[in-house]
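# One predicted model, sequence on top.
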Amino acid sequence: MAIDCCLLAGRLMMEAGAETYRVEDTMERIAVTQKLSATHSFVTPTGIIFTPGSPYHTKLIRIKSRSTDLEKVALVNDVSRKLSADEYTLEEAYAKLQEIEQANVMFPLWLQIIAAAVASGCFLILYEGVWSDVPAAVFAGGVGFIIATKIQELTKVSFFAEFVAALFIGLIGFGAISVGLGTELDKIIIGSVMPLVPGLLITNAVRDLMAGHFVSGLSKGAEAFLTAFAIGAGVALVLSF
């Protein structure tokens, strides 16, 4: 069970967008509490290889999906620390991790949409836009976030979801300018696409590279680059016409 507990904790953290070093540290903490001192782990965005040492066998677990859920990362961290402090037994920690896996700790979709819309308007002002363009940016940002979320759920292809969302944001911004509800198209589009920008992914890529996790750092950096390219391509397609 100790090995399964380590792998479950690592998988939950990688799926929630944790840094590679944090995943390895959490798995090591859990292993040490169970007297598995000869453990080694190799963590990538798509899989975890974990060896607890003799006489146990090396195990591999696949990471099938990734998102940003910092609340889940914090909950798994809390379990590992309580296990290290002898506040949990191994069985209690494993049961708690299973509860975290089943629980939906993310904010409801409607609240995420509102947050994305409000953030879009705030980014427009941050980039020195005019206040009269805020409603257009709020609407475009909210619609773009909805489209990106729904297409991601249907296709499981983040590149396509970001591209279509940016395309619609550009169309909405252009439409707002055409009917006189906006004045600066560039500021409206820039503010509206900001909720789609993979900021955490870029941060984790740089952090992993600095920590020497080159495989994870380069793969996350490539994913962030493709996402940014998809957003830029969607906007460029609108502006080209």
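Yes, it's here. Numbering: from 1, shown residues only.
# The residue nearest the centre of the chain: which element?
Nearest residue to the geometric centre of the chain (Cα atoms, centre = their mean): residue 68, 2.7 Å. Following DSSP states H and E, one finds residue 68 outside all helices and strands.
# Verify the stated contact: it with residue 197.
No - if you go by Cβ atoms under 8 Å, residue 68 and residue 197 don't touch, sitting 11.9 Å apart. From N, CA and C alone the C-beta is placed, and that goes for glycine too.
# quick check: mean pLDDT across the lengthiest helix in the chain?
In the chain, taking DSSP state H as the definition, the longest helix is helix 214-240. The pLDDT scores in helix 214-240 average 88.
# what's it packed up against?
When contacts are defined as 3 or more Cβ pairs under 8 Å, 6 or more residues apart in numbering; DSSP states H and E, helix 214-240 packs onto strand 40-44, helix 158-178, helix 185-193, helix 199-210.
# any idea how far residue 31 is from residue 25?
Taking Cβ to Cβ, to the nearest Å as the measure, residue 31 falls 11 Å from residue 25.
# out of the two, which sits in the more crowded spot?
Ranked by neighbour count (other Cβ atoms under 10 Å), residue 31 and residue 25 place residue 31 first, with 22 against 16.
# Then that one would be within a helix, right?
Yes - using DSSP: H, G, I helix; E, B strand; the rest coil, the secondary structure at residue 31 is a helix.
# you'd agree it is up against residue 6?
Yes - if you go by Cβ under 8 Å, residue 31 and residue 6 touch, sitting 5.5 Å apart.
# Enumerate the positions of stretch 132-152 that are buried.
For stretch 132-152, the neighbour count (16 or more other Cβ atoms under 10 Å) marks 133-134, 136-149, 151-152 as buried.
# In helices only, show me those residues.
Among the buried residues of stretch 132-152, the members found in helices (DSSP H) are 134, 136-149, 151-152.
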